[in-house]
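Colleague: next comes the sequence, and after it the predicted model I'd like to discuss.
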Amino acid sequence: MSNSPAKRSIKAIWFVAPIVAILLLVVMRSFLGNQSARAGEKLYAQHCAQCHGANGEGYLKLYPPLAGADYLAKFSETLPCLIRNGAQQPMVVNGVTYRQAMPGNAALSDDNIRSILNYINSSWGNELPPVTYKEVRELLEGCE
Amino acid sequence: MKNALFAGLILASILFGCKNDTTQEPRKLPYMGLGEIVEKTVDGKTVSDTLPYTVPGFRFVDQDSSTITEAVVENKVYVADFFFTSCPTICPIMKKEMKRVHDAFLEDDRIKILSHSLDPEYDTVGVLRTYAEDLGVDSRRWHLMTGPKDSIYYMAKQYMVSAMEDENAPGGYVHSGAFILVDQQRRIRGYYDGTSPEEVDQMIREIPQLFDE
């Protein structure tokens, strides 16, 4: 009587549940990772590509390139605030001075900015280390 | 038999298609906007006629501090649009597309481009000048214009394109991305989507028709 089918299946759940939970976590992690990369690509297309180009190529002397831009590594700690608040001062990228003001993107969340940065840092031949949410949030807290 | 017929049909449609493409007459560019109905006397009878809508005169200042009025486009074809230099959304695309128009007609004195800033307080002559320099604009061909805000928005209305301030919009303004094609008598002859490379290509192809009218 103690080994009724109902009781046996309850026991089985105790064995299976942790395995399923771990699997679920693994799947979700990679899913969320992909989501973040894809989110960065999508956000870049919406908020950045109009000026900087679909492939980060920039445009004439109006908009600096992001592909192969020395600025990304040189001033990496300023980038989150630059994306959020824009810039009024000229910027030198790969030895060329760009004079146009950059509009800010007040609507982007901290996580949006992280996604965009990680997309830029890993696209079009750029091979810069990824930034974490914590780093980005701390840098954004220090924006002027 | 059936196959042969089928192949024949395909061949015919290809031939017809090609023939159609190469001999097709270019469309005559329409007159846009509500015209004015006038009455005149012909052979002692009163008849009414519709005069095409004409863009009114204007007075702005360009990137070189030159005064730009309707006299600058007298007997010229011109393309007008509305933008502002700090616009984060469609303007960069519009300006990249307009640059192609500028390059296509760089040495052709029969055409002008007039870009109106919707943010004239920020887009001073100095701001427009650096923008024009960085975009590689030739002042003979392309005037980036600023002026009293009222006059700019009045002209947007006269060109029948939308433009308004909206603090919730990125950059603070919402506006049409249209390129407006205007003929030598300041009659509007076409609207093209300034963010669509295909439509801008079409405009570049159709502009020379107006030279020959």
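Modeller: Now that the structure is in, tell me what you want to look at.

Colleague: how close does B:A163 get to chain A?
Modeller: 18 Å (Cβ to the nearest Cβ, to the nearest Å). Backbone N, C-alpha and C define where each C-beta goes, glycine included.

Colleague: check the gap between that residue and A:M102 for me.
Modeller: 23 Å (Cβ to Cβ, to the nearest Å).

Colleague: give the closest residue to A:G40 in space, chain neighbours not counted.
Modeller: Of all residues not flanking A:G40 in the chain, A:Y119 sits nearest, at 3.0 Å (Cβ to Cβ, 6 or more residues apart in numbering or on different chains).

Colleague: and stretch B:75-90, which residues are buried?
Modeller: Along stretch B:75-90, these residues count as buried under the neighbour rule (16 or more other Cβ atoms under 10 Å in any protein chain shown): B:76-90.

Colleague: what's the end-to-end length of that stretch?
Modeller: With Cα to Cα, to the nearest Å as the measure, the first residue of stretch B:75-90 is 30 Å from its last.

Colleague: okay, and the residue sitting nearest the centre point of chain B sits in which element?
Modeller: What sits nearest the mean C-alpha location of chain B, by Cα atoms, centre = their mean, is B:I180, with 2.5 Å. Assignment of secondary structure by DSSP states H and E places B:I180 within strand B:178-182.

Colleague: next, the angle from the next helix or strand after that strand to strand B:178-182.
Modeller: Under the assignment DSSP H and E, the closest C-terminal helix or strand after strand B:178-182 is strand B:188-193. Here the directions of strand B:188-193 and strand B:178-182 differ by 160 degrees (axes from the mean of the first three to the mean of the last three Cα atoms, to 10 degrees).

Colleague: what lines up beside strand B:188-193 in the sheet?
Modeller: Note on strand B:188-193: by DSSP bridges, its sheet partners are strand B:178-182 (antiparallel).

Colleague: now what about stretch B:125-135, what contacts it?
Modeller: Residues outside stretch B:125-135 that contact it (Cβ atoms under 8 Å, 6 or more residues apart in numbering or on different chains) are A:60-62, A:98-100, B:61-65, B:85, B:95, B:99, B:117, B:123, B:139, B:142, B:144-146.

Colleague: coming back round to it: can you pull the pLDDT of the residue nearest to the centre of chain B?
Modeller: Listed pLDDT for B:I180 reads 97.

Colleague: before we move on, what about A:M1?
Modeller: 50.

Colleague: cool, and the one 3 residues further on?
Modeller: Reported pLDDT at A:S4 in the predicted model: 71.

Colleague: what is the neighbour count of B:R129?
Modeller: 17 (other Cβ atoms under 10 Å in any protein chain shown).

Colleague: how close does it sit to chain A?
Modeller: Separation of B:R129 from chain A (Cβ to the nearest Cβ): 11 Å.

Colleague: so B:Y122 touches B:T146, yeah?
Modeller: No - the pair B:Y122 and B:T146 fails to qualify as a contact (Cβ atoms under 8 Å) at a distance of 9.2 Å.

Colleague: in chain B, what spans have low per-residue confidence?
Modeller: Residue ranges of chain B with pLDDT under 70: B:1-25.

Colleague: 50 - rerun?
Modeller: By pLDDT under 50, the weakly predicted segments of chain B are B:15, B:17-23.

Colleague: so which residues of it form helices?
Modeller: When assigned using DSSP state H, the helices of chain B occupy the ranges B:2-23, B:91-104, B:125-135, B:149-158, B:197-211.

Colleague: what is the neighbour count of A:L108?
Modeller: A:L108 has 19 neighbouring residues, counting by other Cβ under 10 Å.

Colleague: is it in a helix, a strand, or coil?
Modeller: On the three-state scheme (DSSP: H, G, I helix; E, B strand; the rest coil), A:L108 is labelled coil.

Colleague: so what's residue 90 closest to, chain neighbours aside?
Modeller: Using chain A here. Excluding the flanking residues, the one nearest A:P90 by Cβ to Cβ, 6+ apart is A:R99, at 4.8 Å.

Colleague: switch to chain B, please.
Modeller: Leaving aside its chain neighbours, B:I90 sits nearest to B:G177 (4.6 Å; criterion: Cβ to Cβ, 6+ apart).

Colleague: that neighbour and chain A, how far apart?
Modeller: For B:G177 relative to chain A (Cβ to the nearest Cβ), the value is 11 Å.

Colleague: list the contacts for that residue?
Modeller: Contact analysis of B:G177 by Cβ under 8 Å, 6+ apart lists B:D81, B:I90, B:I93, B:M94, B:D193, B:G194, B:T195.

Colleague: now the last one: how far from A:G125?
Modeller: Pointing back at B:T195 there. Distance, B:T195 to A:G125, using Cβ to Cβ: 28 Å.

Colleague: so for these two, which sits in the more crowded spot?
Modeller: Taking other Cβ under 10 Å, B:T195 and A:G125 do not tie; B:T195 has more neighbours (19 against 9).

Colleague: give the contact list for that one.
Modeller: So B:T195 contacts B:I90, B:I93, B:M94, B:E97, B:G177 (Cβ under 8 Å, 6+ apart).

Colleague: phi first, then psi, for the residue lying closest to the second one once chain neighbours are set aside.
Modeller: This points to B:I93. Distances taken as Cβ to Cβ, 6+ apart put B:T195 closest to B:I93, at 4.7 Å, once the chain neighbours are dropped. Torsion angles at B:T195 (phi, psi; degrees, to the nearest 10) stand at phi -110, psi 0.

Colleague: which bits of chain B sit near chain A?
Modeller: Counting by Cβ under 8 Å from any Cβ of the partner chain, chain B comes close to chain A at B:85-93, B:95-96, B:99, B:130-131, B:133-136, B:170-171.
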